[in-house]
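Trainee: Need coordinates for the below:
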Amino acid sequence: MRRRSFIQSIAGLTVVSSFIASCHRQRVIGGSVVGASSHTGHLLRDKKFAAPVSIATHAVVIVGGGISGLSAARHLHRQGIRDIVILDLEKEMGGNAACGKNDISAYPWGAHYVPIPNNDLTEYTDFMRECGVITSEPSAPLPAYNDYYICFDPEERLYINGQWQEGLIPQFGVPAQDKAQIQQFLDKMQAFRLAKGQDGKDAFAIPLDNSSKDPAFVQLDSLTMKQWLQEQGLTSPYLQWYVNYCTRDDFGTTYDEISAWVGIHYFASRKGKGSNADHHDVLTWPEGNGWLAAHLKRELQAYFHNQALVTRILQENGTLAVDYFDVRESRLKRINAQQCILAVPQFVAARILQDETRLQKVHQHMQYSPWMVANIRTRELTEKEGPPLSWDNVLYNSPSLGYVDATHQDIRQGIHTRNLTYYQPLTTHTPAEERKAALERTHAEWVKMIVDDLEKVHTNITEAIEEVNVMVWGHAMAKPLPGVAHGTIRQELAASVNDCLHFAHTDLAGNSIFEEAFYQGLSAAKKVMTHLSGNI
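Mentor: Now for the predicted structure:
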């Protein structure tokens, strides 16, 4: 073959190969965008409702079946209160602890773990003991944790500088001066973890309101986390990436927006200690925090009314009139109640109460971050050099938070098909812009975003993926901006109305973690008990 003919034949093969590869990459990957019920929820903002077609009477109505609402209902139930209704828009109770399941395993749609509880959280650790998470008696010097629920090794890995490394703190290929700054930061966080204020309280505690009010710590709430790092001379890009990853992971908020006090709270508030676990250990299940939600729901099924959009609450003749749109019947109904807990975000509570002053305060002081969570059914993936597939798998400088292996806690051997749960807080633009773009994005566009990201570490991901299902959370959690944690807005919005209407949600804590939701519900339930009257 002459040289020219040979070159032409090779060029032709290249074009054909490129075309075949392109077609293969464009393979349609099944699945859907499942999303929370945003369309129905927006009826609260946009629709005018007719008069109720029926009226029922109950002692207590709880609006919202997330962790706060479930915690409140559980406490009331255990105090002998049985005349309860829990109204929730979604088909399943659980809020951000929602989960799903397929033939491989269960998987989370939201929060996927809890850290080892602080030992002073008596009600919470009692709940953990009931669940079988804590296996020792209350009298034990230290709680013993069920080994099946402590995250198995390998726990975490980070893809950085062309290789996987163990752990999420940047180490591989990181210059010595950057490592020194990272250690300085970790030492400062340890000092904050042990610090106490002049009032004798821990500088950073859970629930957040148990923290010291010492001005030396409170003043941190006037800065962003990025500003605090700069003030400390902690300018390493590796360190700043890590801190930004952590604030995006726990709060859906970038480090140049989040309060420095809240950012430090992330690192310094965990003090739990067990006989077989420490404060840095985590508890996890295939379905994530849906496992804990299921235990909260266990005694409460009789009180559930799902697919119920509460449209307004009026106070009439000493009774609360709670109107709700029954989605299944497409009819408005009413419940007259003695007491009500609004276990929903404050922007929803304001609309339900038709309280413009409250709504203005919310718009002025609070923002809510949107998230995308995808569950990926996949066969075995090719791996880059370094530690093997771990529970938590993170890519340095990725727009995502990486993915967790929902099958990681499965003790079966030789699992060749897995559920990977992929997380991405939508933080590039304003929350409103991100929400609009997220709701307009197609399933194929979401899949492309995910594949383009994960292809950096798994070259066969396009061929290995069998299905991708996407959940869009439009208002996943409140952003803890400077001034919220130690300002007055949380207390103003949390104040009960006329001793019959109470509030419980993590946006009132400024910190969207399981313990805060649990205690928000507990606090509201105790207020209800104080004001409830009659034989119920």
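Trainee: Only the buried residues of the top strand by length along the chain, if you could.
Mentor: Using DSSP state E, we find that the single longest strand of the chain is strand 465-478. The neighbour-count check on strand 465-478 (16 or more other Cβ atoms under 10 Å) flags 465, 468-478 as buried. The way it works is simple: take the backbone N, C-alpha and C, and place the C-beta from them, glycine included.
Trainee: Make JSON lines out of these and add pLDDT and distance to I116.
Mentor: Converted to JSON lines, the buried residues of strand 465-478 look like this (pLDDT from 0 to 100; distance: Cβ to Cβ, whole Å):
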{"residue": "I465", "pLDDT": "97", "distance to I116": "34"}
{"residue": "V468", "pLDDT": "97", "distance to I116": "32"}
{"residue": "N469", "pLDDT": "97", "distance to I116": "31"}
{"residue": "V470", "pLDDT": "97", "distance to I116": "31"}
{"residue": "M471", "pLDDT": "95", "distance to I116": "27"}
{"residue": "V472", "pLDDT": "95", "distance to I116": "31"}
{"residue": "W473", "pLDDT": "94", "distance to I116": "26"}
{"residue": "G474", "pLDDT": "92", "distance to I116": "32"}
{"residue": "H475", "pLDDT": "92", "distance to I116": "29"}
{"residue": "A476", "pLDDT": "92", "distance to I116": "24"}
{"residue": "M477", "pLDDT": "93", "distance to I116": "22"}
{"residue": "A478", "pLDDT": "94", "distance to I116": "25"}
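Trainee: quick one: which of these is nearest to W261?
Mentor: A478 (14.9 Å; Cβ to Cβ).
Trainee: Residues in a beta bridge with that closest one, which ones?
Mentor: Y368 (DSSP bridges).
Trainee: what's the helix or strand following the longest strand of the chain packed up against?
Mentor: Downstream of strand 465-478, the first helix or strand assigned by DSSP states H and E is helix 489-494. When contacts are defined as 3 or more Cβ pairs under 8 Å, 6 or more residues apart in numbering; DSSP states H and E, helix 489-494 sits against helix 356-365.
Trainee: that older thread, now the longest strand of the chain against helix 356-365, angle please.
Mentor: 110 degrees (axes from the mean of the first three to the mean of the last three Cα atoms, to 10 degrees).
Trainee: Who are the packing partners of strand 465-478?
Mentor: Helices and strands touching strand 465-478, by 3+ Cβ pairs under 8 Å, 6+ apart, are strand 368-379, helix 431-440, helix 443-454.
Trainee: and those as CSV, adding mean pLDDT?
Mentor: Compiled in CSV, those are given as follows (pLDDT from 0 to 100):
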stretch, mean pLDDT
strand 368-379, 97
helix 431-440, 94
helix 443-454, 97
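Trainee: Can you say which of these is packed in most?
Mentor: Counting by mean count of other Cβ atoms under 10 Å, strand 368-379 has the highest mean neighbour count of those, with a mean of 23.
Trainee: Let me have that one in CSV, keeping just the CA atoms, if that works.
Mentor: The C-alpha coordinates for strand 368-379 follow below in CSV (Å, rounded to 0.1, in the frame of the first residue of the first chain):
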residue,chain,number,x,y,z
TYR,A,368,-33.0,28.7,51.0
SER,A,369,-30.5,26.7,49.0
PRO,A,370,-31.6,24.4,46.2
TRP,A,371,-30.1,21.0,45.7
MET,A,372,-30.0,18.1,43.2
VAL,A,373,-29.7,14.6,44.4
ALA,A,374,-29.4,11.7,41.9
ASN,A,375,-29.5,8.0,42.6
ILE,A,376,-27.4,6.1,40.0
ARG,A,377,-27.8,2.4,39.4
THR,A,378,-24.5,1.2,38.0
ARG,A,379,-22.4,-1.9,37.3
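Trainee: Give me the contacts around the helix or strand encompassing G100.
Mentor: For G100, the enclosing helix or strand under DSSP H and E is strand 99-101. Contacts to strand 99-101, defined as Cβ atoms under 8 Å, 6 or more residues apart in numbering, come from residues 106-110, 287-291, 293, 375, 469.
Trainee: in its sheet, what does it sit against?
Mentor: Applying DSSP bridges, one finds strand 99-101 paired with strand 106-108 (antiparallel).
Trainee: need the buried residues of strand 465-478 in a markdown table with distance to S32, can you?
Mentor: A markdown table is the format used below for those (distance: Cβ to Cβ, whole Å):
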| residue | distance to S32 |
| --- | --- |
| I465 | 14 |
| V468 | 9 |
| N469 | 6 |
| V470 | 7 |
| M471 | 10 |
| V472 | 11 |
| W473 | 16 |
| G474 | 17 |
| H475 | 21 |
| A476 | 19 |
| M477 | 24 |
| A478 | 28 |
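Trainee: Among those residues, which pair sits farthest apart?
Mentor: Top of the distance list for the buried residues of strand 465-478 (Cβ to Cβ): I465 and A478, 33.2 Å.
Trainee: ranges for the helices of the stretch 201-350 of the chain?
Mentor: Under the criterion DSSP state H, counting those that start in this stretch, helices of the stretch 201-350 of the chain are mapped to 215-218, 225-231, 237-251, 260-268, 290-297, 346-352.
Trainee: Looking at these, which is nearest to A437?
Mentor: A437 lies closest to helix 237-251 among these, at 17.4 Å (Cβ to Cβ).
Trainee: list the buried ones in that closest one?
Mentor: Buried residues in helix 237-251, defined by neighbour count with 16+ other Cβ under 10 Å: 238-240, 242-251.
Trainee: Pick the most deeply packed of the helices of the stretch 201-350 of the chain.
Mentor: When the helices of the stretch 201-350 of the chain are scored by mean count of other Cβ under 10 Å, the highest mean neighbour count falls to helix 260-268 (a mean of 24).
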